[in-house]
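# Sequence first, then the predicted structure, then my questions.
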Amino acid sequence: MRRYFTLYFLICISLPIFADDFIGHVRNRPPALVIKNETFSGPVLDIIELSLVRQGHKITWLNVPWARTLKMAKERGNVDILPRHSMTSKRYDYLLPIIYGHRKRKLVYFSRKDSDIKISKFEDLQKYSIGQLRGSFYSQKQDKSDLFERIEVNNLEQLVAMLLRGRIDIVVISEAQGNVDHFSKNKLFQRLDYNEIFLNGRYFSIPKHSPLAKFYDDIRKEVSHMRKSNEITDIFSKYNLEAPIQVGLNEEH
């Protein structure tokens, strides 16, 4: 009897014991985040899942629009993980960020072709109204500047319509959002000379109000190890995707 009890005990302790089940929100951002037939995949999700499993946790993914995710993260909604995003000064108020690399980010600007707007440097944006997507991060310079009037809308279609009707002077687009073609292929728009290019951190995060925020330090340290060991680069390679740039490996966030 003791032999069978010992065997049963050994089997039990060899099985993974999950401490907690995280709830993660995903929006479709191929190829890094892909939702197809309510199946979730991509290298960023692999990074998160591995970092959680190694700490004894698991995660359930839900398809939720980004604006709603941010609202829930701020207002104590039922979300524990936000994947693949940038950090702004406001987001630090309610999110605990975990960096997994950097990407080169490029902002481009468009106006109506029949306008006389000429932009060759950032300061030339002064006095113009600039349309952008609500809740999106562009750059620290763009988001903090008080040189121009900033007009936020809910979706790309509204940006296009407002620019066509002259309700805004300029539209700013991040190439990372994949929306440049909506403007560059429209014969009524022109791409302005000025671009902003910089290295942007890529993060996933845990809302500060989440009861699972207590595991933040352990998860962050695991991801830091994955960065230093080139495991994150290997994960992106498996998807035949360019891996994030790894700089500042001794940084905390």
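That came in fine, so what should we check first? Everything numeric in this text was worked out from a predicted model, so none of it was measured.

# Show me the chain divided up by domain.
With automatic domain parsing as the criterion, the domains of the chain are listed as 16-103+200-238, 105-199.

# Just send these back as TSV, with distance to residue 245 too.
The C-beta positions use only the backbone N, C-alpha and C, and glycine is treated the same way. Putting the domains of the chain into TSV (distance: least, C-beta to C-beta, whole Å) gives the following:
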stretch	distance to residue 245
domain 16-103+200-238	5
domain 105-199	7
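
# buried set for stretch 148-168?
Using 16 or more other C-beta atoms under 10 Å as the burial criterion, the residues of stretch 148-168 that qualify are 148, 150-151, 153, 156, 158-160, 162-163, 168.

# on that earlier part again, rank the domains of the chain by mean pLDDT and give me the bottom one.
When those are compared on average pLDDT, domain 105-199 comes out lowest at a mean of 90.

# ok so, going back, which members of the buried residues of stretch 148-168 occur in helices, if any?
Secondary structure assignment by DSSP state H places 156, 158-160, 162-163 of the buried residues of stretch 148-168 in helices.

# quick check, nearest of those residues to residue 194?
residue 163 (16.6 Å; C-beta to C-beta).

# thought the closest one was touching residue 112?
Yes. Assessed by C-beta atoms under 8 Å, residue 163 is found in contact with residue 112 at 6.3 Å.

# Now the common contact residues for these two.
Common neighbours of residue 163 and residue 112, counting by C-beta atoms under 8 Å, 6 or more residues apart in numbering, are residue 189.

# residues in contact with the closest residue to residue 175 other than its chain neighbours?
Leaving aside its sequence neighbours, residue 175 sits nearest to residue 106 (C-beta to C-beta, 6 or more residues apart in numbering; 4.6 Å). Counting by C-beta under 8 Å, 6+ apart, residue 106 makes contact with 174-176, 195-197.

# Could you do residue 235 as well?
Each residue near residue 235 by C-beta under 8 Å, 6+ apart is listed here: 43, 46-47, 50, 243.

# so which of those residues is the most crowded?
Scoring the contacts of residue 235 on neighbours with other C-beta atoms under 10 Å, the highest-scoring entry is residue 47 at 26 neighbours.

# Which element, helix or strand, includes that residue?
Per DSSP states H and E, residue 47 falls inside helix 43-53.

# Run the angle between the following helix or strand past that helix and helix 43-53 for me.
Using DSSP H and E, the helix or strand that follows helix 43-53 in sequence is strand 58-63. Inter-element angle recorded for strand 58-63 and helix 43-53: 150 degrees (by axes from the mean of the first three to the mean of the last three C-alpha atoms, to 10 degrees).
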